[in-house]
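**Q** Pasting the sequence and the predicted model now:
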Amino acid sequence: MKKMSNFRWIICSLLFFATTVNYLDRQVLSLTYKDFIAPVFGWTDNDYGTITAVFSIIYALCNLFAGKFIDRLGTKKGYLWAIFIWSLGACLHAGCGVGTSALKAAGFLGMMGVTTSVWLFLACRAVLALGEAGNFPAAIKVTAEYFPKKDRAFATSIFNSGSSVGALAAPLSIPLIAKYCGWEWSFVIIGALGFIWMGFWLWLYSKPSANSRVNADELAYINQDEGADAAAAKQADAEGPRISYLKAFSLRQTWALVLGRFLTDGVWWFFLFWTPGYLSDQFGYKSSDGMGMALIFTLYAIVTFVSIYLCKIPTYMVDKRGMNAYEGRMVAMFIFACFPLLALGAQPLGSYSAWFPAILIGLACAGHQAWSANVYSVVGDMFPKSTIGTLTGIAQFAAGCGSFMVNKCAGKLFTYAAGTTVVDGKEVEMTKDLLASGAQFARPAMEFLGYTGKPAGYCIVFGYCAVAYIVGWTCMKTLVPHYRKVEL
């Protein structure tokens with residue numbers, strides 16, 4: 001008897017690599033900003049905060065429509081377009097230096113000074129965000145095509161682990177490319193990985209029924225739910241009608257989801273975008289130094305492995321403690337919300353060693369990953385299945401708005417906290433080198449809780465990051481104190 005083929009796992013591996021590349025492309029800027037790009041263009045933290053904030057809001061907006069785009073084009077063409085657009089956007093970053101020089105030479109945007117480069121990077125980040133928004137909807141759709149329902153959660157966890165692998169690979173590769181080849185090549189080389197992936201996708205992917213690498217036994221295994229799906233389609237109307245945005249925003253459960261994401265997602269994106277700069281500002285460890293790479297790698301290793309174990313807590317609460325799903329999840333989420341409180345110790349303990357902030361930020365981010373994995377389920381348990389897509393889009397938009405505000409405010413705060421000095425008749429950000437040279441303050445550095453300058457700014461933002469989840473949990477629990485099924 002001919003053995004069943006297992007080509008569906010080859011397809012799953014393609015999804016895994018696409019997600020890895022997606023995360024790598026997103027990380028290039030944060031790992032090259034402080035030590036390679038800012039010195040070239042004279043960026044302030046406010047400039048960088050604007051770039052990261054705009055990326056967040058565009059990514060959020062595009063998530064509202066990415067699923068419909070993939071559905072309309074189909075998974076093969078849709079995924080190709082998504083990764084082509086984000087890979088192109090990633091590579092375009094490399095031309096920002098030449099573009100800035102050309103525009104200045106031509107007299108365009110001359111009044112904007114160094115912000116000419118900011119506008120060009122903003123355009124590239126917008127293209128990157130547009131394409132990257134299509135990764136998750138496309139991967140989920142492919143998983144539904146190639147796996148029966150019982151295997152989809154496992155397949156999803158495998159391809160989604162590409163984000164963790166990307167986070168671990170990024171600090172070990174991107175800074176070294178920037179150091180030895182130039183920051184432009186870090187965008188080109190990492191961006192080019194997406195074009196290589198497109199070649200494998202064109203070669204290997206087609207619908208299971210049309211794929212010669214899928215034999216009859218595997219096809220039967222993949223399609224084992226067809227009868228159940230037909231019955232489920234007939235039952236869809238009984239599960240609940242579609243929900244309008246107006247109706248959704250009239251429900252407490254919706255606002256619990258919105259606040260749970262709005263107040264907390266900005267914390268994750270802040271640490272993602274600003275940690276390399278923090279280690280450089282605070283401790284002098286460049287992202288291309290061995291110590292800098294080790295610190296960031298350790299941070300994300302903690303995030304990856306600790307969050308996996310934290311995600312088992314809701315199951316323990318239900319199976320071992322006898323709680324209902326909502327109560328068990330909310331107790332678990334309170335535990336997750338306590339992990340970011342460790343960020344309060346990052347600045348005080350940082351005076352002893354940079355390893356303390358790296359470890360504490362890693363634990364705080366592990367708490368976020370566990371929180372994020374469960375916050376949808378809290379409300380998803382109470383809403384009809386027919387409304388989940390709409391609620392997911394609303395939540396993604398709220399998360400993007402929260403990230404926009406945190407990153408933009410952080411950039412402005414850090415620039416203000418550093419103080420200014422006058423160089424060649426212009427007021428510029430005060431740095432350690434300028435201070436050591438004897439430059440006089442035009443505006444003194446900010447002081448807060450015994451910290452001066454940027455450390456004071458980091459202390460304030462870490463404080464917000466620490467309490468955001470407790471505030472978010474309190475809002476969710478206040479709005480929905482007990483399990484309450486939504487009736488439409």
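**A** Perfect, thanks for sending it. For clarity, every value in this text was computed on a predicted model and none was experimentally measured.

**Q** Distance of A301 relative to A294?
**A** Distance, A301 to A294, by Cβ to Cβ, to the nearest Å: 10 Å. Where you see a C-beta, it was placed from the backbone N, CA and C, and this is true even at glycine.

**Q** what does Q369 give?
**A** The span separating Q369 from A294 equals 21 Å under the rule Cβ to Cβ.

**Q** what about the two, which has more around it?
**A** Taking neighbours as other Cβ atoms under 10 Å, Q369 and A294 compare with Q369 leading, 21 against 16.

**Q** Spatially nearest residue to V331 (excluding sequence neighbours)?
**A** M317 (5.5 Å; Cβ to Cβ, 6 or more residues apart in numbering).

**Q** Surely the one you found and A332 touch.
**A** Yes: applying Cβ atoms under 8 Å, one finds M317 in contact with A332, separated by 5.7 Å.

**Q** okay, the two: which has more neighbours?
**A** Neighbour tally, M317 and A332, criterion other Cβ under 10 Å: the higher count belongs to A332, 24 against 20.

**Q** what ranges do the strands span in this structure?
**A** Assigned by DSSP state E, the chain shows strands spanning 420-423, 426-429, 441-443, 447-448, 451-452.

**Q** Neighbouring strands - and their directions - for the last one?
**A** So that's strand 451-452. With DSSP bridges as the test, strand 451-452 is paired with strand 447-448 (antiparallel).

**Q** what's the partner strand in contact with?
**A** Strand 447-448 has contacts (Cβ atoms under 8 Å, 6 or more residues apart in numbering) with A417, A456, G457, C459, I460.

**Q** Swap in 7 Å and give it another go.
**A** Residues from elsewhere that reach strand 447-448 (Cβ atoms under 7 Å, 6 or more residues apart in numbering): A456, C459, I460.

**Q** so how far is F448 from the second one?
**A** C459 sits 6 Å away from F448, taking Cβ to Cβ as the criterion.

**Q** The first one now?
**A** With distances taken as Cβ to Cβ, A456 is found 4 Å from F448.

**Q** out of those two, which sits in the more crowded spot?
**A** A456 (21 against 15).

**Q** burial count for R321?
**A** The tally of other residues near R321 (other Cβ under 10 Å) stands at 10.

**Q** and the nearest residue to it once chain neighbours are set aside, what does it touch?
**A** Excluding the flanking residues, the one nearest R321 by Cβ to Cβ, 6+ apart is G328, at 6.9 Å. G328 is in contact with P314, M317, V318, R321, counting by Cβ under 7 Å, 6+ apart.

**Q** hang on, isn't the second one packed against M323?
**A** So the one you mean is M317. Yes: M317 lies in contact with M323 (Cβ atoms under 7 Å); the separation is 4.9 Å.

**Q** Give the intersection of the neighbour lists for the two.
**A** Counting by Cβ under 7 Å, 6+ apart, the common neighbours of M317 and M323 are V331.

**Q** so which of the contacts of strand 447-448 comes closest to I11?
**A** Closest approach between the contacts of strand 447-448 and I11, by Cβ to Cβ: I460, at 46.4 Å.

**Q** How about that closest one, nearest residue that isn't a chain neighbour?
**A** Per Cβ to Cβ, 6+ apart, closest to I460 is F448, 6.1 Å.

**Q** Distance check, that neighbour against W197.
**A** As judged by Cβ to Cβ, F448 and W197 stand 46 Å apart.

**Q** Could you do I11 as well?
**A** Distance from I11 to W197, counting by Cβ to Cβ: 13 Å.

**Q** Please name the nearest non-neighbouring residue to K207.
**A** Nearest to K207 is E145, by Cβ to Cβ, 6+ apart, at 6.6 Å.

**Q** Report how many residues lie close to that neighbour.
**A** Summarising burial for E145: neighbours were counted as other Cβ under 10 Å, giving 15.

**Q** got it, and the one 3 residues further on?
**A** As a burial measure, the neighbour count of P148 was computed by other Cβ under 10 Å and equals 16.

**Q** Isn't it up against L219?
**A** No: using Cβ under 7 Å, P148 is not in contact with L219; the gap is 11.2 Å.

**Q** Which one of I11 and W197 is surrounded by more residues?
**A** More crowded of I11 and W197, by other Cβ under 10 Å: I11, with 24 against 21.

**Q** residue ranges with poor pLDDT in the stretch 251-400 of the chain?
**A** Counting by pLDDT under 70, the stretch 251-400 of the chain has low-confidence residues at 376-381, 385-389.

**Q** now the end-to-end length of stretch 65-81.
**A** Stretch 65-81 has an end-to-end distance of 14 Å (Cα to Cα, to the nearest Å).

**Q** what's the domain layout of the chain?
**A** The record assigns the chain these domain ranges, following automatic domain parsing: 8-223, 239-488.

**Q** Let me see the mean pLDDT of the first one.
**A** It stands for domain 8-223. Averaged over domain 8-223, pLDDT sits at 85.

**Q** V258 touches I394, doesn't it?
**A** Yes: using Cβ under 7 Å, V258 is in contact with I394, at 6.5 Å.

**Q** Neighbour count: the two, which is higher?
**A** V258 (24 against 20).

**Q** dump the residue contacts of that one.
**A** Each residue near V258 by Cβ under 7 Å, 6+ apart is listed here: I394, A395, A398.

**Q** okay if I get the residues you listed as TSV plus distance to W274?
**A** Output for the contacts of V258, formatted as TSV (distance: Cβ to Cβ, whole Å):
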residue	distance to W274
I394	27
A395	23
A398	21
